[in-house]
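S.K.: take this sequence and fold it.
(2 chains)
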Amino acid sequence: MLKEKMRINRRQFVIGAASTGAGLSIGLAVPLGGQQAFADGRNESSSTPEVNAWVVIDPDDTVTIRIARSEMGQGTLTGLAQLVAEELECDWDKVQWEYPTPGENLRRGRVWQSFSTGGSRGVRGSHQYVREGGAMAREMLIEAAAKKWGVAAGDCAAADSKITHKPSGKMTTFGKVASAAAALVPPSEVTLKDPKDWKVVGKPKKRLDTLEKLTGKQVYGADITLPGMLSASIKASPVHGGKLESFDATKVSSMPGVKSVIRVGDDAVAVVAKTWWQANKALNALPIKWEKSENDTVSSASIDKFLQEGLSSENAFVGNESGDVKAGLKKASRTYTADYSYPYQNHATMEPMNATAVWSKERCEVWCPTQNGEAALAATISASELAPEQCDVHKVSLGGGFGRRGAADFVTQAVLIAKTIPGTPVKLLWTREEDMLHGMFHPVTKARMTAGFDDDGNLDALHVRISGQSILATLMPQALENNDGMDPVVFQAMAPKGDHAISYTVPNLLVDHAMRNTHITPGFWRGVNVNQNAIYMECFLDEVAHEAGQDALAFRQKAMTNHPLALAVLNKAASMAGWGKPAVEGRHLGLAVCKAFGSYVAACAEVSVDDGELTIHRIFAATDPGYAVNPQQIEAQVSGSFVYGLSALLYGECTVKDGQIEQQNFHEYPSLKMAKMPHVETSVMPSGGFWGGVGEPTIAVAAPAVLNAIFAATGKRIRHLPIKDQSLA
Amino acid sequence: MAKLNVNGKVIEVEVEDDTPLLWVIREQIGLTGTKYACGIAQCGSCTVHIDGQAVRSCVYPVGGVTAGQKITTIEGLSQKGDHPVQQAWAELDTPQCGYCQPGMIMASAALLDKKPNPSDEDINTEITNICRCGTFQRVREGIHLAVEIKHKSTAKA
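M.R.: Residues are numbered from 1 along each chain as shown, chains lettered A, B, ... in the order given. Next up is the predicted model:
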C-alpha cells in the first residue's frame, strides 16, 4: 500500500560553491537531489532523456511528470499530473512527479511557463499547455514505435503505457520506445481529448504526495539539512517600514553555538549559530534598538478613522456601474443602509517562513518553500548580486501557503545572510512571532451598503462604497498605473464580468472604491478580496430581503435570473440543507453565493445559538468549477475552506498598536479546531465548458452563510469580524 | 549531555538542559518529521509520545526526560508506515500540505491507545491540534476508520 511515488528524493548532487580564494565542492545527499541533477542535465538515476519538457519515461515504464506550479496542500500537483497523464495515455499507477527548477525554466526559454501558484490558478491557468505536453509526448511515443515496426503511425494507438499496432496486434511499452521518441521532432499540433472520453481526469484519484506526509519523510523548507549548515533566526523592525538603529552583539556573541550577529538589509538583525535553537535563544537575548518612524503612532483606531472617512468621500474609483444609482436611490420609495468592515488577518501557515541559501562569488543556490519559484529566483539574483545563470532555486514542500509564500522577502534575507559566510549553507527560519508580525496581511476595508426599493419592495438601486487598502498599490504598483490609479482587484465578486463577476442584476448599481492605504503591508490572503466583498454583498442582501419581508432565497433568485450557474449552485446548497422545510428544533439556516476565481460556489449553514453560544452544526456546499479534475480533492478543498473562512469569522483579527501588529502567536490569533468543525457536505457539480479554481472560492461563502444563519437564530446582525468579542445573547 | 531513548535507540546528545525536546529531536538527532510551528504548545505540530503519552515537545525541556523514558516520534510510530492511523490517513487522503500531520497522527495514535473506540466528543476533546489547511473532517473520519482497521487486523491475527 505504501508505495513510493516521488522521484525527486534520493539522488546525489553537487553544489559547486567557492569560498574566497579556494574552490570548495560539497557532495550532498539531500532530499531534493533529483531537481539539481535534472537542472544540470545530469539525470543520474535514469539514462533516459526526457520525451519532452513535461514527461520522462524510464525503461521500466515509470512515468515522471514535471510540475511547474507549487503544491501547498491544494492538490494542484495531482490535478496537473492527471491532465498530462490523460493525454499521454499512460498507466496512472506508474506516475511520479518532480519539480523543475526556476533556473532551468529560464535557461529553456520558460518551457514550463509560469511557476506562480496563486489565485486558484494552478489548474485553470495551465490545463491547456500541460495537456498539450502530454498529447505531444504520446504522439512521439507512437511515432517511435511505428518507425521501429515500419508501419504507419496512424495505425497505432496508445493506452495504459502500451502502444499497439492495430492491424497486426504488435505491442510495445512506453519504456521501450521512450529514448527513440525523445529524438523525434515534436508534432506541430495535437488534438486534445473530448472531456467525455476522459479516464483519469474527473476521477477521484488518490493524491501523489500523501504517503511521505504520513511518516515524517516529507521534507519541508524548515527541514532542509545540508552538511556544514548553520542556522539563523531574525528580527525585522516590528513597525513595517521601520529601520534598524543598532544592536549590541557583545551581549550574545559568547553564547553557545553563536557564530555571528549581523545586520540584514536596513531593517533587520539576525543571529547565525550552529543550531537554530541556539541562534534564536541568542537573538532573544540581543539588545536591539529600532529607529523611530512616522508610523509609530498608528493604531487600529487611527486606521479605522482613516477608512471611515473614505465611506463618504467624493472621490472613488468606479468598478462597476449600470443605470443611475443616484437617481435610483432618490426616487426609491424606501432606502436602507448598513456599514460593514473586515480586519487585518495573518495567513498563519503552519510552517513559518524560511529559506536556506549558500552563496559564493561564483554561485548562489536557494532551497525554499515558495508559491512562486520565479519570484524567489529573481530575489536570489538581486540579493546575491550574481548573474541569473549563476543562481538557482530549489522548490521544497510548502507547509501551507495561502498567498503568503508568493512573496520572496524571506529569500532575500536568507541570501543576504549567506553572503556574509561564503561557501557555508545557512538556513533562515522565522519564529512564529516573526511570522505573525511580518505577515502580508489581509487588507482592511469597510463598506457602506445602500439599497433603494421600488414600490413593490424590489431592489431597484444598490450602492456599494468600499473604503480601504489596495494590495496592488503596495505589491504591484505598476498594475495601478495601467488603470489610472485604480486597483481592479478590490472589486472581486462585484465586477461587471469575468472570473469575479457579480451574481446579481440590479437595475441601478454602483460599486466604487475609496483607496486608503496604510503602512501595514497587505498581501494576497487565500480568497483575497472576495472574502470581505462576499460578506458585504451576501449579508447585506440578506438584510435587504428581510427588510422587504421576503424569503432570503426567493429574493436572491429573482435577482439572479441572468446568472444561471450561480443560481444553480445556490439552489443546490439550499435544497441540500432543506431550505423552506421544517428545520431541526432550534437550528437555523443562512445562505451565501458567489462567483470567484472562475467558479460558482454557494453554502447553506445550519447553526444554533444557545445563551449566546454559537454552534455551527452543518454546512452544505455546492461548487461548479466547470471541469472537476479531481472531485475528492475538490471536496477536501471545500471542507478545508470552511476551516480557513470560519477561523477568520470567529477569531481572525490582527490589531495595530504603536504602529505594530499586536498578535504574536496562536494564543492571541486562534484558529478553528476540531471541536468547532462543522460537518461539511459538498456537492461538486461541474457543468463543463470552463475551468474554474477550487482552492479559494468557497472561503468567501463560509462567513456570510454563518452570519446570515446567526441572524435567523438571534435577530442580530454582525457586521464586523471577528465574532469572538461580540455578544450573540 | 543527555541520554535519550528515541524510537528504540539510545542516543547521547551534547546539548544544554533547557533546550526543548523538539529541537534536540530535529537538530541533534536529525529526525525532522516532528515540526516546529508555534513554540508555545498551542498547535500540536511537535507532538511526540513519551511512554505512550502525547507530549508537545516544543515546551518540554530535554533535561526533563530520563534515559528510561521511551520517546516515539512519527518516524518510529510504525516500521513500515502502517500504523492503523497511517493506513486510515492514506485511505482517506487526509493530509493537504501535511505539515501538521505528523503531530495530528501522533495525537490520534495516542488517543486510540487511551480510548480504543473514541466517540466524536472524545475526538473533540482530545484532538486540539491546529491545521490551517482544514483537514479536520478527514481527521475525524480517519480516527474512526483506524478503529475499524485495527479491529480487522486483530480479527485476522
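S.K.: what helix or strand is the residue nearest the centre of chain B located in?
M.R.: Geometric centre of chain B, nearest residue: B:M106, 2.1 Å, by C-alpha atoms, centre = their mean. Here B:M106, judged by DSSP states H and E, is contained in helix B:101-114.
S.K.: same check on A:I619?
M.R.: strand A:613-624.
S.K.: in that strand, what counts as buried?
M.R.: Within strand A:613-624, the residues that count as buried by 16 or more other C-beta atoms under 10 Å in any protein chain shown are A:614, A:616, A:618-624. Where C-beta positions appear, they are placed from N, C-alpha and C, glycine not excepted.
S.K.: same check, this time on stretch A:52-71
M.R.: Buried residues in stretch A:52-71, counted by 16+ other C-beta under 10 Å: A:52-58, A:61-71.
S.K.: can you flag which of these belong to helices?
M.R.: If you go by DSSP state H, the buried residues of stretch A:52-71 have nothing in helices.
S.K.: those residues also near chain B: which ones?
M.R.: For chain B, no contacts are drawn from these by C-beta under 8 Å from any C-beta of the partner chain.
S.K.: in strands only, show me these.
M.R.: By the criterion of DSSP state E, membership of the buried residues of stretch A:52-71 in strands covers A:55-57, A:63-66.
S.K.: list the contacts for residue 75?
M.R.: Because you didn't say which chain, this covers chain A. For A:G75, the contacting residues are A:207, A:630, A:633, A:636-637, B:96, by C-beta atoms under 8 Å, 6 or more residues apart in numbering or on different chains.
S.K.: meant chain B actually
M.R.: Counting by C-beta under 8 Å, 6+ apart, B:E75 has contacts A:215-217, B:7, B:31, B:33.
S.K.: leaving out the residues flanking it, which one is nearest to the one residue in the stretch 501-650 of chain A that gets nearest to chain B?
M.R.: Closest contact between the stretch 501-650 of chain A and chain B, by C-beta to the nearest C-beta, is at A:V643 (2.6 Å). Leaving out its chain neighbours, the residue that sits closest to A:V643 by C-beta to C-beta, 6 or more residues apart in numbering or on different chains is B:G134, at 2.6 Å.
S.K.: okay, now that neighbour: neighbour count?
M.R.: A count of neighbours around B:G134, defined by other C-beta atoms under 10 Å in any protein chain shown, yields 27.
S.K.: wasn't it part of a strand?
M.R.: No: if the criterion is DSSP: H, G, I helix; E, B strand; the rest coil, then B:G134 is coil and not within a strand.
S.K.: state the mean pLDDT of the strand or helix carrying B:A146.
M.R.: Using DSSP H and E, the secondary-structure element containing B:A146 is helix B:136-156. Mean pLDDT, helix B:136-156: 94.
S.K.: just the closest of the contacts of A:G75 to A:E662, please.
M.R.: Of all the contacts of A:G75, A:E662 sits closest to B:Q96, with 29.1 Å by C-beta to C-beta.
S.K.: got phi/psi on the nearest residue to A:F524 once chain neighbours are set aside?
M.R.: Nearest residue to A:F524, sequence neighbours excluded (C-beta to C-beta, 6+ apart): A:G403, at 3.8 Å. Backbone torsions for A:G403, taken as degrees, to the nearest 10, come to phi 110, psi -30.
S.K.: so who does A:G403 touch?
M.R.: Counting by C-beta under 8 Å, 6+ apart, A:G403 touches A:118, A:347, A:371, A:440, A:523-526, A:528.
S.K.: export these to TSV and tack on pLDDT and secondary structure?
M.R.: Formatted as TSV, the contacts of A:G403 follow (pLDDT from 0 to 100; DSSP: H, G, I helix; E, B strand; the rest coil):
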residue	pLDDT	secondary structure
A:G118	95	coil
A:H347	98	coil
A:Q371	98	coil
A:M440	98	coil
A:G523	98	coil
A:F524	98	coil
A:W525	98	coil
A:R526	98	coil
A:V528	98	coil
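S.K.: three-state assignment of A:K259?
M.R.: Under three-state DSSP, the three-state class of A:K259 is strand.
S.K.: just checking, it touches A:V272?
M.R.: Yes: counting by C-beta atoms under 8 Å, A:K259 touches A:V272, with 4.7 Å between them.
S.K.: give me the domain ranges for the chain.
M.R.: Picked chain A for this. Following automatic domain parsing, one gets these domains for chain A: A:46-213, A:221-293+A:347-437, A:300-345+A:441-714.
S.K.: my bad, chain B
M.R.: Using automatic domain parsing, the domain parsing of chain B gives B:2-75, B:84-156.
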